[in-house]
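Trainee: compute the structure for the input listed below.
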Amino acid sequence: MRRNDEMTLGLYLTWEGYHRGAWRDPSAPTSDGVDIDQYAHPAALAEGAAFHFVFLADHQGVIDDHAAVARVSGNDGFEPITLLSALSSRTQDIGLVATATTTYYQPYHLARMLASLDHLSRGRAAWNIVTSASNFEAQNFGDKELADHDMRYARAREFVEVVKGLWDTWQDDAFIRDKQSGIYADTTKLHLLNHRGEHFSVRGPLNIARPPQGYPVLVQAGASDAGVAFAAEVGEVVFTAEPSLENGKRYYATLKEKARALGREDDQVLVMPGIVPIVGRTKQEASEKLQKLQSHTHIDVLIGKAHLWLGSVIDLRSIDLDALVPETLPRTNFIQSRQKLLLDLAARQKFTWRQLVRLISDSLGHLMVVGTPNDIANTMIDVFDQRAADGFNVLPATVPGGLKDFVELVVPELRRRGKFRSKYSGQTLRENVGLKRPANRFMQQL
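Mentor: Presented below is the predicted three-dimensional model:
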């Protein structure tokens, strides 16, 4: 299927908003992060606007440093697959993307849980494949620190292959449930996986039928060398952070070329950078919205978030915040690509530390557009048309206010220009984003 002129849109699902000061905004809900209605409402807004999916991020623990924990939201939220399973009964068409780590799950557990979500939602599930990236996560699972970055990706690669194999252990029509003959399952259509690898030994089969989509859609966010290689191999939707158009074009071309070299088709690997839109009816109004959010963000939050996303390799509380950011920092075992992106951005803009920590709080390095609906639509269309994106993961600075602004003001402008659809085009997430249903590997072997 060729890339068409309409972009794919996802919603980064939070109850308060993406900006670190969003939870203090007067428009933010006053309830907490474990109220399902606070997620169901933005999901309904996105579905009403024909977004392709909602995307739920996750970590296996509290990864903020102690000084920031008292002042940040997000540490009282639901586990993604549990929440999305509940939302599957409150939505009809929108895709449901759950983040789950290959570092601290086991393949059998996750294969069964994601297959269950795909059945519950009638084919709308997706898995955002991540490797854990914080020692705070490691210490919740008996480890002092994380395994090396490349080793985590090696485990992830094998993990995904095991999960896909488990999804294939039953053929699509294996459960015949024939009351007359008394045959519930046709065991000629059952296949043991019998995987033996470096990291896992898994017999199978899975104790649930093959997912409606064959496999839930596979989402990935790799941008380091190891991450890009992994995304090119397994990613069907690739979530990126890139505020520079030229860098985005290079990433897009590189990823598509690597995927093509592996025999994959360009339109079966969708590149979707994050965008933080702050919408105003005038540029001044939009700017004032951002300034208000910034005023809600305590210095402990600014420093804590910057410390984390720069890789926890420098004590930001002991440096001169008005000094220029150096071009390099010690290599991190956290998210290496994000550290590089932020340092490259600081070098281009000649940022001080104070400016960089503010930017990290505002957008974490994603493309941020502060302006009118026309400004935001222009930027999105330019990035899309210049082949730096196949669509965007929309990260509203505030919820519900910022999301409503985007849906009511920007989406109509995108539609007016023929760049976004007005209704759903398929029954499953794969159908809606134009991805093929994977064949069963055991059928191919027959």
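Trainee: SS state for Ala126?
Mentor: Under the three-state scheme (DSSP: H, G, I helix; E, B strand; the rest coil), the conformation of Ala126 reads as strand.
Trainee: and it, how many residues sit next to it?
Mentor: Burial of Ala126 is recorded as 32 neighbouring residues (other Cβ atoms under 10 Å). In short, each C-beta sits where N, CA and C put it, glycine included.
Trainee: that one and Ala100 touch, don't they?
Mentor: No. Between Ala126 and Ala100 there is no contact, the gap being 10.7 Å when judged by Cβ atoms under 8 Å.
Trainee: identify the contacts common to those two.
Mentor: Jointly contacting Ala126 and Ala100 under the rule Cβ atoms under 8 Å, 6 or more residues apart in numbering is no residue at all.
Trainee: are we agreed that Gln444 is in a strand?
Mentor: No. With three-state DSSP as the criterion, Gln444 is located in helix rather than a strand.
Trainee: ok, it to Leu218 distance?
Mentor: Here the distance between Gln444 and Leu218 works out to 18 Å (Cβ to Cβ, to the nearest Å).
Trainee: which one's more surrounded, those two?
Mentor: For Gln444 versus Leu218, neighbours defined as other Cβ under 10 Å are more numerous around Leu218 (20 against 8).
Trainee: which non-adjacent residue is nearest that one?
Mentor: Glu236 (4.8 Å; Cβ to Cβ, 6 or more residues apart in numbering).
Trainee: quick check: pLDDT value at that neighbour.
Mentor: On pLDDT, Glu236 comes in at 98.
Trainee: residues in contact with it?
Mentor: 217-219, 268-270, 435.
Trainee: with Ser244 instead?
Mentor: For Ser244, the contacting residues are 345, 348, by Cβ under 8 Å, 6+ apart.
Trainee: show the pLDDT at it.
Mentor: If you check Ser244, the pLDDT there is 91.
Trainee: could you shift the numbering so residue one becomes 8, and keep it that way?
Mentor: Done: numbering now begins at 8, and the last item shifts to Ser251.
Trainee: any idea how far it is from Thr21?
Mentor: Here the distance between Ser251 and Thr21 works out to 25 Å (Cβ to Cβ).
Trainee: also Gln291?
Mentor: Gln291 sits 27 Å away from Thr21, taking Cβ to Cβ as the criterion.
Trainee: these two: which is more packed in?
Mentor: Using other Cβ under 10 Å, the more surrounded residue of Gln291 and Thr21 is Thr21, with 26 against 11.
Trainee: which residues touch the lengthiest helix in the chain?
Mentor: Secondary structure of the chain per DSSP state H: the longest helix is helix 156-174. The set of residues external to helix 156-174 that reach it, using Cβ under 8 Å, 6+ apart, is 109-110, 112, 114-115, 117-119, 121-122, 136, 138-139, 153-154, 200, 202, 204-207, 209, 211-213, 217-218, 221-222, 225, 231, 233-234, 237, 240-241, 340, 343, 445, 448.
Trainee: give me the buried entries from those residues.
Mentor: Applying a neighbour-count criterion of 16 or more other Cβ atoms under 10 Å, the buried members of these are 109-110, 112, 114-115, 117-119, 121-122, 136, 138-139, 153-154, 200, 202, 207, 209, 211-213, 217-218, 221-222, 225, 231, 233-234, 237, 240-241, 340, 343, 445.
Trainee: where in this structure is pLDDT low?
Mentor: Scanning the chain with the threshold set as pLDDT under 70 gives 8-9, 340-342, 452-453.
Trainee: can you show me the strands along it?
Mentor: 15-19, 60-63, 102-108, 132-137, 182-185, 190-192, 202-203, 208-209, 224-227, 244-247, 277-286, 374-378, 398-401 (DSSP state E).
Trainee: TSV for those strands, including distance to Gly84?
Mentor: Compiled in TSV, the strands of the chain are given as follows (distance: least, Cβ to Cβ, whole Å):
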stretch	distance to Gly84
strand 15-19	13
strand 60-63	9
strand 102-108	11
strand 132-137	15
strand 182-185	35
strand 190-192	38
strand 202-203	33
strand 208-209	30
strand 224-227	19
strand 244-247	18
strand 277-286	19
strand 374-378	23
strand 398-401	18
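Trainee: among the ones you listed, which comes closest to Ser92?
Mentor: strand 102-108 (8.4 Å; Cβ to Cβ).
Trainee: and the closest one, what does it pack against?
Mentor: Identification of packing neighbours for strand 102-108 by 3 or more Cβ pairs under 8 Å, 6 or more residues apart in numbering; DSSP states H and E yields strand 60-63, helix 87-94, helix 114-127, strand 132-137, strand 224-227, helix 436-440.
Trainee: now those in TSV, with distance to Gly378?
Mentor: Output for those, formatted as TSV (distance: least, Cβ to Cβ, whole Å):
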stretch	distance to Gly378
strand 60-63	24
helix 87-94	31
helix 114-127	37
strand 132-137	29
strand 224-227	29
helix 436-440	28
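Trainee: of those, which is nearest Leu331?
Mentor: With Cβ to Cβ as the criterion, Leu331 lies closest to strand 132-137 of the helices and strands packed on strand 102-108, at 32.4 Å.
Trainee: ok, and what's touching the closest one?
Mentor: The contact list for strand 132-137, computed with Cβ under 8 Å, 6+ apart, reads 60, 62-65, 91, 102-109, 117, 121, 124-125, 163, 167, 218, 220, 223-228, 241-242, 244, 246, 436.
Trainee: mark which of the contacts of Glu243 are buried, thanks.
Mentor: Burial by neighbour count, 16+ other Cβ under 10 Å: within these this picks out 224-226, 276-277, 442.
Trainee: dump these to TSV, plus distance to Lys186.
Mentor: Output for the buried ones among the contacts of Glu243, formatted as TSV (distance: Cβ to Cβ, whole Å):
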residue	distance to Lys186
Val224	35
Leu225	37
Val226	40
Val276	44
Leu277	43
Leu442	36
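Trainee: and which of those is nearest to Lys312?
Mentor: Proximity of those to Lys312 was ranked by Cβ to Cβ; the top entry is Val226 with 23.4 Å.
Trainee: my guess is the closest one contacts Val245. True?
Mentor: Yes. Using Cβ under 8 Å, Val226 and Val245 qualify as a contacting pair, with a distance of 7.5 Å.
Trainee: which parts of the stretch 208-357 of the chain are helices?
Mentor: Read by DSSP state H, counting those that start in this stretch, the stretch 208-357 of the chain holds these helices, from start to end of the chain: 232-241, 252-268, 290-302, 306-316, 343-356.
Trainee: out of these, which gets nearest to Asp382?
Mentor: Among these, the nearest to Asp382 by Cβ to Cβ is helix 290-302 (7.0 Å).
Trainee: pull out the buried residues from that closest one.
Mentor: The neighbour-count check on helix 290-302 (16+ other Cβ under 10 Å) flags 293, 296-297, 300 as buried.
Trainee: can you pull the alpha-carbon coordinates of it into CSV?
Mentor: The C-alpha atoms that make up helix 290-302 are tabulated as CSV, following Å, rounded to 0.1, in the frame of the first residue of the first chain:
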residue,chain,number,x,y,z
LYS,A,290,0.3,33.8,18.9
GLN,A,291,0.2,36.0,22.0
GLU,A,292,-2.6,33.9,23.5
ALA,A,293,-0.7,30.7,22.9
SER,A,294,2.5,32.2,24.3
GLU,A,295,0.7,33.3,27.4
LYS,A,296,-0.7,29.7,27.9
LEU,A,297,2.9,28.4,27.9
GLN,A,298,4.1,31.0,30.2
LYS,A,299,1.4,30.2,32.7
LEU,A,300,2.4,26.5,32.6
GLN,A,301,6.0,27.4,33.2
SER,A,302,5.0,29.5,36.2
